[in-house]
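J.: Build me a structure from this.
(2 chains)
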Number of protein chains: 2
Amino acid sequence: MFCEACGGRLTTKIPPGDGRLRAVCMACGHIRYDNPKLVVGCIPLAGSRLLLCRRAIEPRYGTWTLPAGFMENGESTAAGAARETLEEAGAQVTDLVPYMLIDVPDVHQVHLFFRATLLDSRFECGDESLEARLFEEDELPWNELSFPTVIATLRQHVRDRASGQFGFHRHTISRSAPAR
Amino acid sequence: MFCEACGGRLTTKIPPGDGRLRAVCMACGHIRYDNPKLVVGCIPLAGSRLLLCRRAIEPRYGTWTLPAGFMENGESTAAGAARETLEEAGAQVTDLVPYMLIDVPDVHQVHLFFRATLLDSRFECGDESLEARLFEEDELPWNELSFPTVIATLRQHVRDRASGQFGFHRHTISRSAPAR
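T.: As a prediction, this is how the structure comes out:
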């Protein structure tokens, strides 16, 4: 790996005053910090139904997923989640409420899902989707879901709908603690 | 800026299939993605009192702050918040509950504060702090707080304690919407 500041070679060492191994430039001393990334998404709701997309991209091509993706600089978490919903499902959402935070430390990610209301009944699949479809809860394609984060979020949602109480939840998914 | 993959020069352009300007290597085509960073921290509570630290570093040297810092790869949000509390205030916390999410899009950050219980009465200031101290709410140093995110979090906490209801909150702090 090379230094973003000067193009020199990076090495791995603990900088003075730090407690962690970092990528440090052998030429100019610049320290490269790598930090977790946020993935933001929605549970787009239309009454009792929710919108899923079927992935047209790897990984997990062909499986069903909630619209979600990497948050971009300059946007808020909610704006990012709404943008991903528009890009992947062609759907406009409103009234976004934070619902589920999932730590995925093995891959240096934090996922944040919002409950959101579909603005109207129009949706269409975007470039990254083969199909977008509204599902009643008893129709959800549990065996064809894309990721543990999506499974955990939908399971939580089914439990909360049964109880009528939607709070804010935090889960961890890791090799030592897979999705519940 | 230089390419992390080959050390070549970066330019700014919209890659094929993307909708945003990215830093792209002129030599090898590698795309550099910059994404928002997570800052995680605690409101460390001991009964009716809460723990603040006085900053020994810039920016805002000498002002009072909640223990918080950049989340590191390989840890969960709660683990990061507990680590920062140990590093900055020498305090161990337990029972971390997500409390406040603050979008700070102008600086590409998302701040997440947990309510947390001090494990015992021991604390001491770390290398990045001049002092650590427990405050009753009516003693809080409102005119000497470090950042709008800390002010917003403490104001919310005062409101919630008055009502007895601590939920999960989301705020946005930006040039167009400063801290409330």
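J.: Can you name the residues in contact with the helix ranked longest in chain A?
T.: Across chain A, the longest stretch assigned as helix under DSSP state H is helix A:148-163. Among residues not part of helix A:148-163, those counted as contacts by C-beta atoms under 8 Å, 6 or more residues apart in numbering or on different chains are A:39, A:43, A:50, A:64-66, A:68, A:99-100, A:102, A:104, A:111, A:113, A:115, A:137, A:140, A:142, A:145, A:166-167, A:169, A:171, A:173, A:178-180. C-beta coordinates here come from the backbone N, C-alpha and C atoms, glycine included.
J.: Show me how to select, in ChimeraX, the buried members of these.
T.: Below is the selection syntax for ChimeraX that covers the buried ones among the contacts of helix A:148-163, with 16 or more other C-beta atoms under 10 Å in any protein chain shown defining burial:
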select /A:39,43,50,64,65,66,68,99,100,102,104,111,113,115,140,145,166,169,171,173,179
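J.: The contacts of helix A:148-163 in strands, which ones?
T.: Assigned to strands by DSSP state E, the following of those qualify: A:39, A:43, A:50, A:64-65, A:68, A:99-100, A:102, A:104, A:111, A:113, A:115, A:169, A:171.
J.: Those residues: which ones sit near chain B?
T.: By C-beta under 8 Å from any C-beta of the partner chain, no member of these lies near chain B.
J.: ok, back up a step: list the buried ones in the longest helix of chain A?
T.: Residues of helix A:148-163 classed as buried under the neighbour-count rule (16+ other C-beta under 10 Å) are A:148-157, A:160.
J.: Columns pLDDT on top of those residues, output as CSV?
T.: Listed next are the buried residues of helix A:148-163 as CSV, based on pLDDT from 0 to 100:
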residue, pLDDT
A:Pro148, 97
A:Thr149, 98
A:Val150, 98
A:Ile151, 98
A:Ala152, 98
A:Thr153, 98
A:Leu154, 98
A:Arg155, 98
A:Gln156, 98
A:His157, 98
A:Asp160, 97
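J.: Quick check: bridge partners of the most centrally placed residue in chain A?
T.: Closest to where the C-alpha atoms of chain A average out (C-alpha atoms, centre = their mean) is A:Val39, at 3.3 Å. In this structure, A:Val39 has beta-bridge partners A:Phe70, A:His111, where bridges are defined by DSSP bridges.
J.: got the contact list for it?
T.: The contact partners of A:Val39, by C-beta under 8 Å, 6+ apart, come to A:68-71, A:109-112, A:149.
J.: end-to-end on stretch A:159-173?
T.: In terms of C-alpha to C-alpha, to the nearest Å, the two terminal residues of stretch A:159-173 are separated by 18 Å.
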